[in-house]
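Student: here's my sequence, what's the structure:
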Amino acid sequence: MTIRSVSDVLAAYDEGRTHVQRFYKGSLVSLADGRWQDWAFAPGQPAYDARIGVGGKFNSFTAVGNDAIWFPELAPGQTRHLSEVVLKTSASSANQTSVDCVIYDLLGVYPLIDGDSSDEQLLTTDVPLPRYSDGVGVFPVLVNHVAPLVVGGAGTYTYIGHDGISRSAQFGVSSFSALGQVSTVGANPAVNTAGMLGALSMPLVGGRGVRSVTSIQFTTTPGGLYSLYLYKPLLTLTNIGDGGVVATRGPATVKSAFENNAWHAPRIYDGAHLGMFLRSAAGGRAIASVFGHFEFIWG
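Tutor: Coordinates of the predicted model:
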């Protein structure tokens with residue numbers, strides 16, 4: 001049994017094979033427009049999580065209980081899908097007009113990467129990806145965690161693509177200093193230029209995704225400590241804010257995976273560690289809070 005047609009969707013709702021799970025995050029990182037942040041570094045539900053683990057090696061992430069967004073278990077042979085997201089953000093003051101969101105499944109992290117070192121830092125992967133094991137659609141992202149950066153930087157990293165081929169790519173590091181911010185700003189080794197704002201994933205130079213990362217080296221050291229994620233993006237949406245009137249009165253965004261996402265309801269595997277990357281896209285105001293719910297169906 002699975003969700004393949006309109007009748008399957010209607011049957012899931014009629015037979016009670018659906019679940020709604022709320023989320024709330026407050027006191028998010030204060031960042032300018034175009035800067036992504038991981039909501040894991042804000043308090044709320046799910047709880048604060050600094051994405052740490054054993055340094056220098058891949059730490060697999062598989063959610064249990066309330067580690068991330070909770071969802072019910074399935075009977076054998078069933079598949080679970082994210083059917084709808086309701087998202088509302090509030091700004092620290094008026095004028096926030098747009099907040100972009102990427103919902104993702106965190107597969108694991110290489111934590112405690114030293115931003116003060118210009119030496120090559122070798123990274124080991126003793127376990128495979130817990131989900132999406134072929135690496136297709138899996139991307140790396142560099143997040144400042146534990147200790148804030150000091151200046152902008154640049155570097156090179158080496159990864160194994162979905163096809164098993166080793167490749168190297170250059171990346172830049174944002175000069176903004178805030179724990180939980182996505183530090184990647186583009187392939188250009190220069191830092192903090194307008195053309196690189198908005199980058200989320202680290203650059204790829206070939207292949208359809210990443211199985212593992214084997215090394216990283218800063219050519220210009222930014223300081224701080226970093227966690228290199230491997231994640232699978234699942235769904236994107238944008239919450240339109242207050243229009244420059246009152247920071248807390250903007251509308252919520254409702255996105256149906258069936259009506260608004262070309263009938264693509266992302267499959268949510270057992271153990272999926274769900275999270276969000278957020279960025280204020282216009283208005284120049286920090287995100288004060290984000291709340292709403294995920295709706296799951298299965299069959």
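Student: flag the shaky bits of this structure, pLDDT-wise.
Tutor: Residues of the chain meeting the criterion pLDDT under 70: 1, 92-97, 185-198, 241-249, 282-285.
Student: change it to 80
Tutor: Within the chain, the stretches falling below the threshold (pLDDT under 80) are 1-2, 30-34, 91-97, 175-177, 184-199, 241-250, 281-286.
Student: what about Ser30, distance to Gly223?
Tutor: In this structure, Ser30 and Gly223 are 19 Å apart, going by CB to CB, to the nearest Å. Every residue, glycine included, has its C-beta placed from N, CA and C.
Student: and what of Thr125?
Tutor: In this structure, Thr125 lies at 26 Å from Gly223, with CB to CB as the measure.
Student: same question for Lys232.
Tutor: To Gly223, Lys232 is 30 Å away according to CB to CB.
Student: contacting residues for the closest residue to Gln45 other than its chain neighbours?
Tutor: Distances taken as CB to CB, 6 or more residues apart in numbering place Tyr24 nearest to Gln45, at 5.3 Å, with adjacent residues excluded. When the contact criterion is CB atoms under 8 Å, 6 or more residues apart in numbering, the partners of Tyr24 are 44-45, 289-291.
Student: try Gln217
Tutor: Remark: with contacts taken as CB under 8 Å, 6+ apart, Gln217 is in contact with 118-121, 155-157.
Student: now with 10 Å, please.
Tutor: Residues counted as contacts of Gln217 (CB atoms under 10 Å, 6 or more residues apart in numbering) are 117-122, 155-158, 168.
Student: how deep is the nearest residue to it once chain neighbours are set aside tucked in, by neighbour count?
Tutor: Residue nearest to Gln217 in three dimensions, not counting chain neighbours: Glu120, with 4.4 Å by CB to CB, 6+ apart. Neighbours of Glu120 under the rule other CB atoms under 10 Å: 15.
Student: so what's Glu120 up against?
Tutor: 155-158, 214-218.
Student: from those residues, which is closest to Thr62?
Tutor: Nearest to Thr62, judged by CB to CB, of the contacts of Glu120 is Thr214 at 22.5 Å.
Student: does the closest one sit in a helix, a strand or a coil?
Tutor: Put simply, Thr214 is strand when judged by DSSP: H, G, I helix; E, B strand; the rest coil.
Student: ok, how many other residues are close to it?
Tutor: By other CB under 10 Å, the residues close to Thr214 number 16.
Student: wait, isn't it in contact with Thr156?
Tutor: No. With contacts counted by CB atoms under 10 Å, Thr214 stays clear of Thr156, the gap being 11.6 Å.
Student: which residues do these two both contact?
Tutor: Between them, Thr214 and Thr156 share these contacting residues under CB under 10 Å, 6+ apart: 120, 168.
Student: that older thread, more neighbours: which of Lys232 and Gly223?
Tutor: Neighbours were counted for Lys232 and for Gly223 using other CB under 10 Å; Lys232 has more, 21 against 17.
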